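Participant: Got a sequence here, can you model it:
(chains A, B, C and D)
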Amino acid sequence: MDKSVATMAAAIADIADGMTIMIGGFGGSGAPIELIHALIDRFRATGSPKNLTIVNNNAGNGRIGIAAMIDAGMVAKMVCSFPRSADPRAFTEKYLAGEIGLELVPQGTLAERIRAGGAGIPAFYTPTSYGTDLAKGKPTAQFDGRMYVQERWLKADAAIIKAELADRQGNLTYRKAARNFSPLMAAAASVTIVQATRIVEPGAIDPEAVITPGIFVNRIVEISDAQQEEALMRAGVAY
Amino acid sequence: MDKSVATMAAAIADIADGMTIMIGGFGGSGAPIELIHALIDRFRATGSPKNLTIVNNNAGNGRIGIAAMIDAGMVAKMVCSFPRSADPRAFTEKYLAGEIGLELVPQGTLAERIRAGGAGIPAFYTPTSYGTDLAKGKPTAQFDGRMYVQERWLKADAAIIKAELADRQGNLTYRKAARNFSPLMAAAASVTIVQATRIVEPGAIDPEAVITPGIFVNRIVEISDAQQEEALMRAGVAY
Amino acid sequence: MMHKLSNAQIAWRAAQDITDGAYVNLGIGFPEMVAKFQPPDRQAIFHTENGILNFGESPPEGEEDWDLINAGKKAVTLKPGASFFHHADSFAMVRGGHLDVAILGAYEVAETGDLANWSTGPKGVPAVGGAMDLVHGARRVAVITDHVTRDGKPKLVKNCTLPLTGVACVSRVYTSLAVIDIEGGRFVLREKLPGLSLDDLQAVTGAQLVIGGAVGDLIVPEV
Amino acid sequence: MMHKLSNAQIAWRAAQDITDGAYVNLGIGFPEMVAKFQPPDRQAIFHTENGILNFGESPPEGEEDWDLINAGKKAVTLKPGASFFHHADSFAMVRGGHLDVAILGAYEVAETGDLANWSTGPKGVPAVGGAMDLVHGARRVAVITDHVTRDGKPKLVKNCTLPLTGVACVSRVYTSLAVIDIEGGRFVLREKLPGLSLDDLQAVTGAQLVIGGAVGDLIVPEV
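Facilitator: Numbers count the residues shown, from 1 in each chain, chains lettered A, B, ... in the order given. Predicted coordinates for the structure are as follows:
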């Protein structure tokens, strides 16, 4: 069993038009910049993938990563909790022009919906958003005297995430707070594609240190010199 | 901040009659034998705690641990998935005599209910047990054409678990598959009491290696020579 | 008495359908035997409910680590690439549809795919473990079983009489006499022992066997 | 113009109520300032939604690690005893009631405890982040805010006019003029600036202030 692939292009080859794609990261930490840019490269060369629904905590920053996907016109809709950033132009312009959709989800509900998607839980109740505009149209129920909102699982056709170590079976570790949504997304997507800083042999990661077990991972590509979105952003890079 | 306490008696001092107590472990792996026996010692000396509801995957084995609590007459009810073991006499005798209650819960539902208790999710839907006797009386609902059963969170007054390393802030690691239910129980209980093989200073556990963050832990006692339930059982030990 | 496969032979046959790279959960007891017969050119990764992926055989007696056990509480070992996780994550793998196949024992399997394998009725102490989760989790839920009970009654039935483990959950049954798929609420015969007539097989089966294409010979080596 | 506390002084006052060993989440922006004023003899452990417990101050410029940030995307450092976890576990801490206190900013707080702090209306791009989770999570949800808006209108009101973050969720408000608890759907005055009359305070408050006991002097050092 060897889930590693040689190139980013091969790793993302089956991402198709109209898919829902979860992209790991919170702001720049954990953002799989190289894989995102590989999607943009493919779109520029072939016109695909387009009409994508992207699930991420944010909606891009500056002119790189998800913001660059939006700029390129690949994204039909964002599902996120916080479509603001230091430089939110890409999303803001398209949103105010009515050219991109938005499903705004409270951050904890977003995380829990993704977790539910991976765990086979089609719906759950949360106190979050009860009585607010974001609960409008959702079923509510009372438990033990308190009101809760019913939320549905969130799944994706593909997840694109960044890991620190990956063994060839797909077991992953993350670096510091770059972990954030990625372990949840890996489990909630039909296909999980990983860029890892280093690919190692099975057994090289302590079984106790594995954060995402390989069962949730389909393909891994090694990007040893991965860039940090925040650093690119501060350097004014546009992709 | 130092959550360590000097003695097992101090660690369990506030476990009171009638409480619901989650006890970590799956069979013998992860069973906090010394803390369980400390509860039995207190019961023998004072007649308390009694009338307990115990949440564990199993219902005791042989004449030690949870089985010995049952033998001693401390347990009013078990919430578990599999009240059988190599030597299930303690539970079986009391159950067939109508002297102990049983709430039988599918193992994955038991885990998820405990996880929900810790995560503030009062109810969720699962396909597990739909159409079976264990779903009788529970609400059902259809999502995307499939039927699901609504299950409620499970919380406890106290959790008693076994860890490998604990720092003084309560950050925990576990040993191999002894992890099982313990991280879930730590989060679902009002008070979480830990026996750790070794107590270390904050910073001694790599922040990436922490399995149970200290926020879920209240008290830690060091039991450096902790015994293994399975080994005691095979040696025919009775407590 | 009818010739039939041994339990080991049933397990061998089930093992042949496990593809390279599959994530597999084997129920405790008889199904655990399937692991022994994995074709050597394919790698399956075994999952156990209590929080291990990619565990291996039992260690030699005396070398057990009782923190390293499977769902049946037997001591196991680890293979390279193993991982540990807690019970909620373990059943997220199960319930979330991440396992490729679960192989379970059965008291009864109905042509609807209903399975009864956890309770023989109200007597004694009921125990369910992870069975009800597993039947709704894996992409493919297979059963291995003798074709009939000890007293010769069909285990493949029209409707289960014992308490259900799950509704419409089984997709394939490997028995001591045949390999049968469950499709559209019918038992579809795929393979049977070469010397066994269809009539004789039907006679020990509690619901109609449907022929949905070529019926292969169920040929299994001595194991 | 009425004497009032600076933001730093409001943050200082809020910090005095954080007990030793408390687990605390500070909303992004102004509430982050509370951490600076922790009494040195008490240890609080700070939680950030993106998966860190026990983080510390920002590193010097140029030494940032952009995988080590807080919910406001600012670079932070770790204290001994820190831990990392994923977002579902992070919000299990929040929603599950494991935080002792969350301190948030506000556009409006109603006497019912309703909070509006995420949206100023339908214009622009809406963004909610973790605010709606935090208000239902911590055992104590406190707000720090100027007592009035920039144009002098009350921020403490009978009913919020802006989109709600949560219903009946705030238990204490630290303002530039007073400390007010919300109990039984009423604003109960606990402390006010020494020079400020009750009438003057009531005049800039959008709902009835209730006196539920001794009203202390809100005395805050220059910070």
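Participant: what about stretch C:16-31, how long is it end to end?
Facilitator: 14 Å (CA to CA, to the nearest Å).
Participant: next one: stretch C:9-25
Facilitator: First-to-last distance for stretch C:9-25 - CA to CA - comes to 19 Å.
Participant: List the buried residues for that stretch?
Facilitator: The neighbour-count check on stretch C:9-25 (16 or more other CB atoms under 10 Å in any protein chain shown) flags C:Q9, C:I10, C:A11, C:W12, C:R13, C:A14, C:A15, C:I18, C:A22, C:Y23, C:V24, C:N25 as buried. (Glycine included, C-beta is placed from N, CA and C.)
Participant: State the mean pLDDT of that stretch.
Facilitator: Computed over stretch C:9-25, the mean pLDDT rounds to 97.
Participant: Check stretch A:99-114 too.
Facilitator: 98.
Participant: try stretch A:150-166
Facilitator: 98.
Participant: at contact distance from chain C, anything in that stretch?
Facilitator: No - applying CB under 8 Å from any CB of the partner chain, one finds stretch A:150-166 separated from chain C by no less than 9.4 Å.
Participant: Spell out whether that stretch and chain D are in contact.
Facilitator: No - on the criterion CB under 8 Å from any CB, stretch A:150-166 is out of touch with chain D, staying 9.0 Å away.
Participant: any idea where the helices of chain A begin and end?
Facilitator: In chain A, the helices defined using DSSP state H lie at A:8-11, A:33-46, A:65-72, A:89-96, A:107-119, A:182-188, A:229-234.
Participant: Quick one: end-to-end distance for stretch A:206-226.
Facilitator: Start-to-end, stretch A:206-226 (CA to CA) is 23 Å.
Participant: Just checking it against chain B, any contact.
Facilitator: Yes - Stretch A:206-226 reaches chain B (CB under 8 Å from any CB) through A:P207, A:E208, A:A209, A:I211.
Participant: How about that stretch and chain C, any contact?
Facilitator: Yes - against chain C, stretch A:206-226 shows contacts by CB under 8 Å from any CB at A:P207, A:E208, A:V210, A:P213, A:G214, A:I215, A:F216.
Participant: how close does A:C80 get to chain B?
Facilitator: Going from A:C80 to chain B by CB to the nearest CB, to the nearest Å gives 21 Å.
Participant: Double-check that residue against A:I66; I have them as touching.
Facilitator: No - A:C80 lies out of contact with A:I66 (CB atoms under 8 Å); the separation is 9.2 Å.
Participant: between these two, what contacts are shared?
Facilitator: A:I54, A:N56, A:N58, A:A59 (CB atoms under 8 Å, 6 or more residues apart in numbering or on different chains).
Participant: ok, and the most crowded of those residues?
Facilitator: A:A59 (29 neighbours; other CB atoms under 10 Å in any protein chain shown).
Participant: Please name the residues that touch that residue.
Facilitator: A:A59 neighbours (CB under 8 Å, 6+ apart): A:66-67, A:70, A:78, A:80, A:82-85, A:88, A:90-91, A:102.
Participant: So how do I select the buried members of these in ChimeraX?
Facilitator: Command for ChimeraX, covering only those of these found buried under the criterion 16+ other CB under 10 Å:
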select /A:66,67,70,78,80,82,83,84,85,88,90,91,102
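Participant: give me the subset of the contacts of A:A59 touching chain D.
Facilitator: Among the contacts of A:A59, the ones lying near chain D by CB under 8 Å from any CB are A:F82, A:P83, A:R84, A:S85, A:P88, A:F91, A:L102.
Participant: sorry, back to before: restricted to strands, list the shared contacts of A:C80 and A:I66.
Facilitator: The strands, defined by DSSP state E, take in A:I54 from the shared contacts of A:C80 and A:I66.
Participant: so which of the shared contacts of A:C80 and A:I66 would you say is closest to B:E112?
Facilitator: Nearest to B:E112, judged by CB to CB, of the shared contacts of A:C80 and A:I66 is A:N56 at 26.2 Å.
Participant: Could you report the neighbour count for the closest residue to the closest one other than its chain neighbours?
Facilitator: Distance criterion CB to CB, 6 or more residues apart in numbering or on different chains; nearest residue to A:N56, sequence neighbours excluded, is A:I23 at 4.6 Å. Close neighbours of A:I23, defined as other CB under 10 Å, add up to 30.
Participant: Can you check the pLDDT for residue 60?
Facilitator: Defaulting to chain A. A:G60 carries a pLDDT value of 96.
Participant: nope, chain C please
Facilitator: C:P60 is assigned 97 on the pLDDT scale.
Participant: before we move on, what about C:T120?
Facilitator: Listed pLDDT for C:T120 reads 88.
Participant: which residues sit in contact with it?
Facilitator: Listed by CB under 8 Å, 6+ apart, the contact set of C:T120 reads C:Y107, C:L162.
Participant: So which of the residues of stretch A:206-226 next to chain B sit within strands?
Facilitator: Short answer: those have none in strands (DSSP E).
Participant: count of residues packed around the residue nearest to C:G72 when sequence neighbours are not counted?
Facilitator: Excluding its sequence neighbours, the residue lying closest to C:G72 (CB to CB, 6+ apart) is C:I28, at 3.6 Å. Using other CB under 10 Å, C:I28 has 19 neighbouring residues.
Participant: and C:I28, how far is that from B:A204?
Facilitator: Between C:I28 and B:A204 the computed distance is 38 Å (CB to CB, to the nearest Å).
Participant: how far away is the residue of chain C positioned farthest from its centre from B:T46?
Facilitator: Residue farthest from the centre of chain C, counting by CA atoms, centre = their mean, is C:G62 at 29.7 Å. Distance, C:G62 to B:T46, by CB to CB: 41 Å.
Participant: quick one, what contacts the spatially closest residue to A:I70 that is not a sequence neighbour?
Facilitator: Using CB to CB, 6+ apart and skipping residues adjacent in sequence, the residue nearest A:I70 is A:A90, 4.3 Å away. When contacts are counted by CB under 8 Å, 6+ apart, A:A90 touches A:A59, A:G60, A:G62, A:R63, A:A67, A:A68, A:I70, A:D71.
Participant: from these, which two are the most distant?
Facilitator: A:A59 and A:R63 (13.5 Å).
Participant: Give me every residue in chain C lying close to chain A.
Facilitator: So far as CB under 8 Å from any CB goes, chain C lies against chain A at C:20-21, C:23, C:43, C:45, C:47, C:52-54, C:78-85, C:88-89, C:91-99, C:136-137.
Participant: go again using 6 Å as the cut-off
Facilitator: C:21, C:23, C:43, C:53, C:80-84, C:92-93, C:95-96, C:98 (CB under 6 Å from any CB of the partner chain).
Participant: A:Y148 touches A:P127, doesn't it?
Facilitator: Yes - the criterion here is CB atoms under 6 Å, and A:Y148 meets it with A:P127 at 5.5 Å.
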